[in-house]
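Visitor: Predicted model and sequence below, questions to follow.
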Amino acid sequence: MQISSPRTLAGFMIVTALLAACASSSPAQSPTPPPAPAATSAPIATVAASAPTQAAAPATTSAPTDDEIKAGIQQTLNRYAQAYNDNQPDILKQVVDQSNLPFRRLVQGRFDSYQQSVFAGQITFEYKVDSIKPRDLGFVQAQVARVSDGTVADWLFRQVNGKWLLSEPTEQQIGKRVTTKTEHFVYYTYPWADDINPRLEQLMEIARAKVLERLGKVPDTQANIYILPVFGVGSPQDPGVLAYYDRAMRGVARIVIFAPESFSFSFYDPGQGWESELQGTLTHEYTHLVNNASFTPIARMSDWMVEGLAEYVSDHPRADEVRAAVRSDNIIPITDTSGKFNKQDLDHLSILDQDVSLGYGLAYSLVAYVNETYGGMDGYWKLVRAFDKQQNLDKALQEAFGISYEQFNKDWRAWLKQKYS
């Protein structure tokens, strides 16, 4: 599973994710569809009341100018940043479309995850509107810049009672699902994202080629790729998820990805475009599919092995988060020995209560450390095979490398301090 993550700590927005070795299943209960947003793009003509002796000239309500729209969206962004900076959930609700139930759950879930993380209160959020463009159904898409680092996101807004609120179309508004088959993939997409769907298919082919190069083999069968242009499609999703590999959907493996130009999508470098950010996500998820289909079943691997491999192949170290954790001595343990039922460790990355994005970065570091220290990818697969057999990390490390877990953990932490201090 790929979760949203920043490229710099200054702009960090931590989110949670349900990993379950990326074989996630959504909650069974589907949300009640919210009412369709009212279009605001077409002004409604109004006629003034007539005097008995003189007809009044008709007056029209003019559509807002681009500058007025940008100013209204900027006010919303200022309030959104204030909610984060001051931990004010009531302010957050005032700037989010409350009629779209799945969308408001997404925004609230990400807010809650950040406020519960180790980074809460350490960052000052500030955003500005770079540009806008009209979309169907009265929506306006704004490119929102994060002032701290210049990265951008493409968020949708609609006008409600004179205010521009963060929003998204509902599942009923994005059009009927379309199926497209290619040599290697079967795509399930929606008309709302027709302008970007062809590019997504190109990026998926690039991801397949990269995984083949790094791991040496991929399945011959077509993979199912679902591109979701908004959050509220199908069963409820976890608010931290950007994409996930689902190996158990009615017995057919699939990759589900939230498309660019949605709130679920990450901030990205405007100089490189969203393609660069998405490329890593597609590579990450396809790595899971290949891992499970062509190597060791991921159900038999530790969580950090599964996610760390996908982050490693997709070149996504989350270095700023790991560096901050190393400097503050907030390293998530590989194995939680506290006796808790819900273990808070990298072995059980799927059930971390907080700092999940950091956990992904540390999982990457473990795979990188094994590669650097124990013979590259051959060493990594040697450890995976030993763990598959032993289902115990200490025994697997002794079998694969002749080293105890205690020593391995000590050496990895020393490597982290040397690399990230």
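Guide: Yes, it's here.
Visitor: Every contact and neighbour count from this point should use C-alpha atoms.
Guide: OK.
Visitor: how near is Val256 to Thr281?
Guide: 11 Å (C-alpha to C-alpha, to the nearest Å).
Visitor: Overlap of the contact sets of those two?
Guide: Common contacts of Val256 and Thr281 (C-alpha atoms under 8 Å, 6 or more residues apart in numbering): Ala243.
Visitor: Among the two, which residue is more densely surrounded?
Guide: Higher neighbour count among Val256 and Thr281: Thr281, with 26 against 21, using other C-alpha atoms under 10 Å.
Visitor: which SS state does the more buried one fall under?
Guide: helix (DSSP: H, G, I helix; E, B strand; the rest coil).
Visitor: and if you look at the one 10 residues further on?
Guide: Assigned by three-state DSSP, the conformation of Asn291 is helix.
Visitor: Hmm, Pro297 and it touching each other?
Guide: Yes: counting by C-alpha atoms under 8 Å, Pro297 is a contact partner of Asn291 at 6.8 Å.
Visitor: out of these two, which sits in the busier spot?
Guide: Shown here are Asn291 and Pro297; by other C-alpha under 10 Å, Asn291 has more neighbours (21 against 16).
Visitor: And the helices in the stretch 51-200 of the chain?
Guide: Ranges of helices in the stretch 51-200 of the chain, per DSSP state H, counting those that start in this stretch, are 66-86, 89-94, 101-115, 197-215.
Visitor: quick one, which of the ones you listed is packed in tightest?
Guide: With neighbours defined as mean count of other C-alpha atoms under 10 Å, the helices of the stretch 51-200 of the chain peak in mean count at helix 101-115, which reaches a mean of 20.
Visitor: How far away from the center of its chain is it?
Guide: Put simply, helix 101-115 sits 13 Å off its chain's centre (C-alpha atoms, centre = their mean, to the nearest Å).
Visitor: Stretch 161-168 now?
Guide: Mean-position distance between stretch 161-168 and its chain equals 23 Å (C-alpha atoms, centre = their mean).
Visitor: Please apply the same query to stretch 213-229.
Guide: 19 Å.
Visitor: Using CSV, lay out the helices of the stretch 51-200 of the chain together with distance to Ala386 and mean pLDDT.
Guide: Shown next, in CSV, are the helices of the stretch 51-200 of the chain (distance: least, C-alpha to C-alpha, whole Å; pLDDT from 0 to 100):
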stretch, distance to Ala386, mean pLDDT
helix 66-86, 45, 98
helix 89-94, 47, 98
helix 101-115, 35, 94
helix 197-215, 19, 96
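Visitor: With Lys343 as the reference, name the closest of these.
Guide: Nearest to Lys343 among the helices of the stretch 51-200 of the chain is helix 101-115; the distance by C-alpha to C-alpha comes to 18.2 Å.
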